[in-house]
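**Q** Okay, predicted coordinates and the sequence, questions at the end:
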Amino acid sequence: MIISASRRTDIPAYYSEWFCNRLKEGYVLVRNPMNTHQISRVALSPEVVDGIVFWTKNPAPMLKRLKQLENYNYYFQFTLTAYGPDIEKNLPSKNQVIIPVFQQLSSEIGKERVVWRYDPIFVSDRYTVEYHCRYFEVLASKLAPYTEKCTVSFIDTYKKIEQNMKLYNMQKVTSDQQLELLQRFVETAKKYNIYIDTCAEVCDFTDIGVFPAHCIDKARFEKIGKCRLHVGKDKNQRSECGCIESIDIGAYDSCPNGCLYCYANSSKSRVNNNCKQHDRKSPLLFGRLDEKDIVKERSVGSFADRQMTLFDD
């Protein structure tokens with residue numbers, strides 16, 4: 001089993017103590033986002049967890065908890081863009097906090113376990129193609145020694161963010177702009193010895209050497225864990241998504257980062273209300289069980305094949 005922590009919220013930034021408490025207890029309760037009274041009890045023992053993917057914009061609170069992860073295979077999907085606080089409202093300074101945290105995290109756990117994400121990309125009066133290309137190189141120069149690759153994607157239009165897009169003149173990137181951006185990103189990436197791939201994009205960029213990403217990546221986990229995994233594509237994701245099967249333990253409307261392009265939050269008031277209900281000792285990310293809730297044990301198991309072959313090192 002692979003744990004996604006989480007596409008729905010920034011667990012490393014805001015809920016790292018809760019997460020480590022769940023590892024100690026050996027399980028977590030996860031509400032079904034389509035049916036909130038349906039709750040899965042998911043085991044978290046190292047015997048069944050083959051890997052954990054952390055999705056974050058600021059894993060600083062996790063740095064002091066890395067020893068608590070030593071029995072698990074894991075890596076970070078670390079989003080670091082060139083947007084300012086007008087777009088990513090509640091993030092600390094990129095130069096003073098986020099970039100140093102990226103560098104420190106990689107130095108402690110290895111650059112193969114820190115994937116840089118530059119996404120989602122949109123354009124506006126301020127955030128032009130030229131702006132993205134200029135500051136992508138600034139970031140690449142600082143991050144290159146600490147990562148192997150950068151995953152990029154272009155903004156999708158969700159109803160949750162339509163108002164923000166209009167208010168801030170956030171525009172989808174045209175096909176021509178996508179191609180120009182990626183061509184220039186590839187040139188920059190080669191200069192710093194990293195490579196580019198794309199997350200769940202419909203367009204084919206293989207002609208310029210850019211291939212689809214596998215953000216929850218079987219090959220990366222096999223390399224980290226030094227064993228084969230018998231696991232297939234996640235059928236619950238979009239057809240363009242290359243991720244393998246995983247269980248997400250996060251919750252929507254619970255991320256205080258306040259990014260205007262976020263698809264996981266529907267309103268600031270809902271986020272604030274849910275965050276107030278967070279209890280670091282609870283098996284649920286926020287709230288408590290009530291009489292209407294139905295808790296069922298989720299059937300999970302390891303995908304690992306730990307038998308050595310002639311092709312293993």
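**A** Happy to help now that I have it.

**Q** rest of the way, CA atoms for contacts and neighbours
**A** OK.

**Q** Phi, psi for the closest residue to F221 other than its chain neighbours please.
**A** In space, and not counting its chain neighbours, F221 is closest to G51: 6.6 Å by C-alpha to C-alpha, 6 or more residues apart in numbering. Phi and psi for G51, reported as degrees, to the nearest 10, are phi -180, psi 160.

**Q** surely G51 meets Y72?
**A** Yes. Counting by C-alpha atoms under 8 Å, Y72 is a contact partner of G51 at 6.4 Å.

**Q** So which of those two has more stuff around it?
**A** Applying other C-alpha atoms under 10 Å to G51 and Y72 shows that G51 carries more neighbours, namely 26 against 18.

**Q** got the contact list for that one?
**A** By C-alpha atoms under 8 Å, 6 or more residues apart in numbering, G51 lies in contact with M1, I2, I3, Y72, N73, Y74, F221.

**Q** Let's see if you can find the most crowded of those.
**A** I2 (27 neighbours).

**Q** In contact with it, which residues?
**A** V49, D50, G51, I52, V53, E245, S246, I247.

**Q** ok, for the last one, nearest residue in space, not its chain neighbours?
**A** Sequence neighbours aside, I3 is the residue nearest to I247 in space, at 5.1 Å (criterion: C-alpha to C-alpha, 6+ apart).

**Q** The strand or helix carrying that neighbour: what's the following helix or strand?
**A** I3 belongs to strand 2-5 when assigned by DSSP states H and E. Using DSSP H and E, the helix or strand that directly follows strand 2-5 along the chain is helix 11-14.

**Q** Would you mind listing the outside residues contacting that following helix?
**A** Against helix 11-14 from outside (C-alpha under 8 Å, 6+ apart): 5, 19, 54-62, 250, 255-256.

**Q** out of the residues you listed, who's nearest P33?
**A** G250 (9.8 Å; C-alpha to C-alpha).

**Q** does that closest one really touch S16, like I thought?
**A** No. Using C-alpha under 8 Å, G250 is not in contact with S16, being 11.8 Å away.

**Q** Who are the contact partners of Y158?
**A** Applying C-alpha under 8 Å, 6+ apart, the residues contacting Y158 are Y263.

**Q** biggest helix in the protein, by residue count?
**A** Ordering each helix of the chain by length in residues (DSSP state H) puts helix 175-191 first.
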